[in-house]
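Asks: coordinates only, sequence not included:
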């Protein structure tokens, strides 16, 4: 029966039955005339979630990592310089990908638990008087540390430096869960995926691409074949794919967009904040600390939580899984053994989150953590009840 328990990892997320049904379709002809009636509206409607009017939506059969690779391969050339801060596992992996593609990567080292350093970006860009830096790469939501960075501040810093570099943003674990303003923030490529806020199976990288990035594509010299924007855009214009598409995911994406718009994007974002705040109240009641260094950095999709000195976070997540059949996120990179993660994004309700908190309390009690059973759940209940009541009164 453990397969009925919800996941509390920061992705892939729980797939609602409605979306599982939407993806459970027989193979169809993706070159048939009616495929355009499915694909074109999906691409157009996805712009709303990215917060773009001017950008193009480009998808590939891949995870978010494929989206990272597509972003750089279509816009940059060997030896080009990019500026990126390392403050978590996923910013680190993007750095590694750029280095493997023989880009000149200028790295700003930051403490894990901090966010994108807008002031240091501004200083580095101001010093780059020859404009050798072609792109600034930022992880919007660092999944390893539960940190959300302020992309608007990064754009302001770039503008203050009067620098023409493009802005690339990894929003894999934030899009469709937290507000994203691609046009307002001047983002040139935003990279996401199907398996997080869109609540689908893994297998579709989803990118928002600005006109400026499409212009850069014309002179980019990095090799690309499978991830070529030109091939995909040309085929999409005809309502098709340059190769076999992930058909089931496209049908799922169509239904996912319906679900998001039915709830209302602002309500989706408010729900994620409410659930995240409930988790944060529980963490405080347990006497534990978040990895994120301050409230302005708190993610609404994942909380990374330090375990007390002398405890192993991997043993804790193993206990939750082995004893109760529930998965929580392990500590990644520098957080390995030091912190566990509670994913609270996608298809989740107040009741589901409370079940996860109760499970984690049992696992901690099993391992003699200095916590009181029920303390975190009660703190979260108090927050969720009060906030839910205010929402009902507002609606009335």
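Replies: Okay, I see it. Treat the numbers as computed from the prediction; the structure is a model and nothing was measured.

Asks: Specify the local secondary structure of residue 223.
Replies: Three-state assignment for residue 223 (DSSP: H, G, I helix; E, B strand; the rest coil): coil.

Asks: in the stretch 151-300 of the chain, what spans have low per-residue confidence?
Replies: Under the criterion pLDDT under 70, no range of the stretch 151-300 of the chain is flagged.

Asks: Walk me through which strands the helix or strand hosting residue 190 pairs with, and which way each runs.
Replies: Following DSSP states H and E, one finds residue 190 within strand 189-193. Strand 189-193 sits in its sheet next to strand 166-170 (parallel), strand 205-209 (antiparallel), going by DSSP bridges.

Asks: hmm, who's touching whichever helix or strand comes after the last one?
Replies: This means strand 205-209. Counting by DSSP H and E, the next helix or strand C-terminal to strand 205-209 is helix 211-217. For helix 211-217, contacts defined as CB atoms under 8 Å, 6 or more residues apart in numbering pick out 54-56, 74-76, 134, 166, 188-189, 229-230. Yep, even glycine has a C-beta here, placed from its N, CA and C like the rest.

Asks: Please list only the buried members of those residues.
Replies: Buried by 16 or more other CB atoms under 10 Å: 55-56, 74-76, 134, 166, 188-189, 229, out of the contacts of helix 211-217.

Asks: For residue 312, give me the pLDDT.
Replies: The model reports residue 312 with a pLDDT of 98.

Asks: That one and residue 331, how far apart?
Replies: Shown here: residue 312 relative to residue 331, a distance of 10 Å by CB to CB, to the nearest Å.

Asks: cool, residue 258 as well?
Replies: 36 Å.

Asks: Those two - which one has more neighbours?
Replies: More neighbours surround residue 331 than the other of residue 258 and residue 331, with 25 against 14 (other CB atoms under 10 Å).

Asks: Please give me every residue in contact with the more buried one.
Replies: By CB under 8 Å, 6+ apart, residue 331 lies in contact with 144, 304, 313-314, 337-341.

Asks: Residue 357 and residue 351, how far apart?
Replies: Counting by CB to CB, the gap from residue 357 to residue 351 is 11 Å.

Asks: Correction: the previous question concerned residue 136.
Replies: 41 Å.

Asks: Compare the two and say which is more crowded by neighbours.
Replies: Taking neighbours as other CB under 10 Å, residue 136 and residue 351 compare with residue 136 leading, 25 against 9.

Asks: State the pLDDT value of residue 1.
Replies: 51.

Asks: Please tell me how far stretch 282-296 is from the chain's geometric centre.
Replies: Distance of stretch 282-296 from its chain centroid, counting by CA atoms, centre = their mean, to the nearest Å, is 21 Å.

Asks: for stretch 272-287, same thing?
Replies: Taking mean C-alpha positions (CA atoms, centre = their mean), stretch 272-287 and its chain are 20 Å apart.

Asks: Going along the chain, name the helices of the chain.
Replies: Ranges of helices in the chain, per DSSP state H, are 17-23, 36-50, 64-73, 89-100, 118-127, 151-160, 211-217, 229-237, 247-263, 265-286, 313-324, 350-366, 375-395.

Asks: Tell me which of the ones you listed is the most buried.
Replies: Among these, helix 64-73 has the highest mean neighbour count (mean count of other CB atoms under 10 Å), at a mean of 24.

Asks: The residue lying closest to residue 283 once chain neighbours are set aside and residue 142, how far apart?
Replies: Excluding the flanking residues, the one nearest residue 283 by CB to CB, 6 or more residues apart in numbering is residue 305, at 5.5 Å. Noted for residue 305: a distance of 15 Å to residue 142, by CB to CB.

Asks: bridging residues for the residue nearest to residue 190 when sequence neighbours are not counted?
Replies: What sits nearest to residue 190 in space, not counting adjacent residues and going by CB to CB, 6+ apart, is residue 208, at 4.1 Å. Under the criterion DSSP bridges, residue 208 forms beta bridges with residue 57, residue 190.

Asks: For residue 208, the count of nearby residues, please.
Replies: Applying other CB under 10 Å, we find 28 residues neighbouring residue 208.

Asks: Repeat that for residue 32.
Replies: For residue 32, the neighbour count with other CB under 10 Å is 11.

Asks: and the helices of the chain as a markdown table, adding distance to residue 175?
Replies: Listed next are the helices of the chain as a markdown table, based on distance: least, CB to CB, whole Å:
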| stretch | distance to residue 175 |
| --- | --- |
| helix 17-23 | 16 |
| helix 36-50 | 6 |
| helix 64-73 | 10 |
| helix 89-100 | 14 |
| helix 118-127 | 21 |
| helix 151-160 | 12 |
| helix 211-217 | 17 |
| helix 229-237 | 19 |
| helix 247-263 | 11 |
| helix 265-286 | 11 |
| helix 313-324 | 26 |
| helix 350-366 | 20 |
| helix 375-395 | 24 |
